[in-house]
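Trainee: got a sequence here, can you model it:
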Amino acid sequence: MLRCNRLLVSLLVLPILAIASQAGDDGFRPLFNGKDLSGWVNVNCHPDTFFVKDNMIVTTGKPTGFLRTDRQYENFILEFDWMHLNKDKMGNSGLFVWGDPIPATGTGYTRGIEVQVLVNFEADWATSHGDIFSIWGAKCKPDRPHPKGAERCLPSEKRCKGGGEWNHYRVTGINGAIKLEVNGKEVSGVSECNPRKGYLALESEGAECWFKNIRIKELPSTRPSPKVTADEALGFVSLYNGIDLSGWKQDKGHEGHWRPTDWRLVYDGKSEAKDKNLWSEKEFGDFQLVVDWRLMGEPKKKMIPVILPNGDHEKGADGKDKQIEIDDFGDSGIYLRGSGKAQINIWSWPIGSGEVYSYRMDKKQPPEVRAGVTPKVKADNKPKVWNRFLITMKGDRLTVVLNGKTVIENAHLPGVPARGPIALQHHGDPLEFANIFVRELKD
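Mentor: Predicted structure coming up:
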């Protein structure tokens, strides 16, 4: 029995010793190995946006986006050095704390708390000396009230050096509170953060910035609830890099019409290609797809039929389709598995986006199929406001979540191809896409 106990103790201690051997005597360990980006994930940027040079992580600043850690952190002390190259004009970047794995809807940034990395900018609401603030749905309480009431702590002292000079940050995050030391002295802080556990990330925002000597000391957990924990990474991979159309079929007729515009992919509705839809080069079988979109057309009066929950058009007393007038802001959609029939609709109709038009209109389909592809609720935001689709295709079954609401659930698409590319649909109308992420589903 004594021998068994000793063996058990040895088995428990060995992993602890292995972890300790990776950290220094002060408990810190490198968060960047100085050689490559192992342990980091380029979330939504071009492959050249973040790279390693001379024991530094360098961001070009283009496009807007972020490089995150490959796992979440809760309580910690993080130290790093940073330098902007801009000496005379503004240079912008940042550290995201406790962020989600992919960007928030309608932005290139994560939901989280930002520790500002900025030079050559001063205003009554922001500084270049270590502001801390919530972004994109996160929450925090500044240690000192902001003059304009924002969830932003302005530093108590100006300690950051300018462009072309190195600065040292020490960021301590414990139980939802963050304190920032700039070049050896604490200057700003926030508390009551939500999330208070998540990913750490370096920001790309328009200017070249260098980071080095990145190291972290993890502190004991305070057991945050799921409500204050960021989303877990599920393996989503970006299909759009913010710089060009790599990964998409690029007909010359698309040039100047399907336009990479930083984190947004802008379409004017006027492609001159034979096939005006923008198709992915890769084919997919079972998958989940995230797509942000917004219609950008000006409203035009249009008469449309009234769609019933079973997919039929409501009839008037004369037996003809009942018509109503709407403000039409445009039309588009997402083609699945190379099929124009398997199209997730984007439009301004009262039934809402997310329906599968060609299946609903196919009177040869069983009633349950036509009803299944008809949205159960309208979840669209107002025109010109960003929306997010979460589309799941598994076998011949489709589920569509729009802005957090399930509009199509486990709908049957008889005859849908087993594999095929994804397309962003041309319908002659201007619109914008962003945050196009896919993850392939395995049995």
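
Trainee: surely residue 290 is in a strand?
Mentor: Yes. Read with DSSP: H, G, I helix; E, B strand; the rest coil, residue 290 is one of the residues of a strand.

Trainee: that one: how many residues sit nearby?
Mentor: Residue 290 is flanked by 22 other residues according to other C-beta atoms under 10 Å. C-betas here are computed from N, CA, C, even on glycine.

Trainee: touching, it and residue 104? I think so.
Mentor: No. Counting by C-beta atoms under 8 Å, residue 290 stays clear of residue 104, with 11.4 Å between them.

Trainee: centre of the chain to stretch 365-380, how far?
Mentor: Relative to the centre of its chain, stretch 365-380 is centred 28 Å away, using C-alpha atoms, centre = their mean, to the nearest Å.

Trainee: cool, and stretch 418-434?
Mentor: On C-alpha atoms, centre = their mean, the centre of stretch 418-434 falls 19 Å from that of its chain.

Trainee: for stretch 208-219, same thing?
Mentor: With C-alpha atoms, centre = their mean, you get 22 Å for stretch 208-219.

Trainee: ok, stretch 183-201 next?
Mentor: 21 Å.

Trainee: alpha carbons of that stretch, as PDB, please.
Mentor: This file holds the C-alpha atoms of stretch 183-201, laid out as PDB (Å, rounded to 0.1, in the frame of the first residue of the first chain):
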ATOM      1  CA  ASN A 183       7.400  51.600 -17.900                       C
ATOM      2  CA  GLY A 184       7.500  50.600 -14.300                       C
ATOM      3  CA  LYS A 185       4.500  52.400 -12.700                       C
ATOM      4  CA  GLU A 186       0.800  51.600 -12.500                       C
ATOM      5  CA  VAL A 187      -1.300  54.200 -14.400                       C
ATOM      6  CA  SER A 188      -4.700  52.700 -15.200                       C
ATOM      7  CA  GLY A 189      -7.100  49.900 -14.300                       C
ATOM      8  CA  VAL A 190     -10.600  48.600 -14.700                       C
ATOM      9  CA  SER A 191     -12.700  46.100 -12.700                       C
ATOM     10  CA  GLU A 192     -16.000  44.100 -13.000                       C
ATOM     11  CA  CYS A 193     -15.000  42.900 -16.400                       C
ATOM     12  CA  ASN A 194     -17.200  40.700 -18.500                       C
ATOM     13  CA  PRO A 195     -15.700  38.500 -19.900                       C
ATOM     14  CA  ARG A 196     -13.000  37.800 -17.300                       C
ATOM     15  CA  LYS A 197     -11.600  34.700 -18.900                       C
ATOM     16  CA  GLY A 198     -10.700  34.300 -22.600                       C
ATOM     17  CA  TYR A 199      -8.000  34.700 -25.200                       C
ATOM     18  CA  LEU A 200      -5.200  37.200 -25.300                       C
ATOM     19  CA  ALA A 201      -4.500  38.900 -28.600                       C
END
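
Trainee: and the closest residue to residue 160 other than its chain neighbours, how far is that from residue 166?
Mentor: Among residues not flanking residue 160 along the chain, residue 129 sits closest, at 4.5 Å (C-beta to C-beta, 6 or more residues apart in numbering). From residue 129 over to residue 166 the distance is 15 Å, taken as C-beta to C-beta, to the nearest Å.

Trainee: try residue 430
Mentor: From residue 430 to residue 166 the distance is 45 Å (C-beta to C-beta).

Trainee: please say which of those two ends up with more neighbours.
Mentor: residue 430 (17 against 12).

Trainee: wouldn't that one be in contact with residue 294 here?
Mentor: No. Using C-beta under 8 Å, residue 430 makes no contact with residue 294, being 10.1 Å away.

Trainee: what is the rounded mean pLDDT of the helix or strand that contains residue 118?
Mentor: Assignment of secondary structure by DSSP states H and E places residue 118 within strand 112-119. Average pLDDT, strand 112-119: 98.

Trainee: repeat that for stretch 144-154.
Mentor: Computed over stretch 144-154, the average pLDDT equals 97.

Trainee: buried residues, it. List them.
Mentor: Residues of stretch 144-154 classed as buried: 151-154 (neighbour count, 16 or more other C-beta atoms under 10 Å).

Trainee: by contact count, what packs against the strand holding residue 118?
Mentor: strand 76-84, strand 91-99, strand 132-135, strand 167-174, strand 177-182, strand 199-204 (3 or more C-beta pairs under 8 Å, 6 or more residues apart in numbering; DSSP states H and E).

Trainee: nearest to residue 439, of those?
Mentor: strand 199-204 (16.6 Å; C-beta to C-beta).

Trainee: that closest one pairs with which strands, parallel or anti?
Mentor: strand 65-69 (antiparallel), strand 91-99 (antiparallel) (DSSP bridges).

Trainee: angle of the shortest one against strand 112-119?
Mentor: This means strand 65-69. Counting by axes from the mean of the first three to the mean of the last three C-alpha atoms, to 10 degrees, strand 65-69 points 120 degrees away from the direction of strand 112-119.

Trainee: need the CA coordinates for strand 65-69. CSV is fine.
Mentor: What follows is strand 65-69, C-alpha atoms only, in CSV (Å, rounded to 0.1, in the frame of the first residue of the first chain):
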residue,chain,number,x,y,z
GLY,A,65,-7.7,42.1,-37.2
PHE,A,66,-6.0,40.2,-34.5
LEU,A,67,-3.5,37.4,-33.6
ARG,A,68,-4.7,35.5,-30.5
THR,A,69,-3.3,32.8,-28.2
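
Trainee: identify the residues contacting that strand?
Mentor: 31, 37, 39-45, 49-50, 57, 59, 96, 99, 101, 103, 108-110, 199-204, 242, 263 (C-beta atoms under 8 Å, 6 or more residues apart in numbering).

Trainee: for PyMOL, write a command that selects the buried ones of the residues you listed.
Mentor: Applying 16+ other C-beta under 10 Å to these, the buried members can be selected in PyMOL as follows:
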select buried, resi 31+40+41+42+43+44+45+49+50+57+59+96+99+101+103+108+109+110+199+200+201+202+203+204+242+263
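
Trainee: list just the nearest of the buried residues of stretch 144-154 to residue 436.
Mentor: When those are ranked by distance to residue 436 (C-beta to C-beta), residue 151 comes first, at 29.5 Å.

Trainee: and the closest one, what does it touch?
Mentor: 133-134, 139-142, 190.

Trainee: redo that, cut-off 6 Å
Mentor: 133-134, 140 (C-beta atoms under 6 Å, 6 or more residues apart in numbering).

Trainee: could you find the closest non-adjacent residue to it?
Mentor: residue 134 (4.5 Å).

Trainee: tally of neighbours for that neighbour?
Mentor: There are 20 residues near residue 134, going by other C-beta under 10 Å.

Trainee: right, and it touches residue 140 too?
Mentor: Yes. Contact criterion C-beta atoms under 6 Å: residue 134 and residue 140 qualify, at 4.5 Å.
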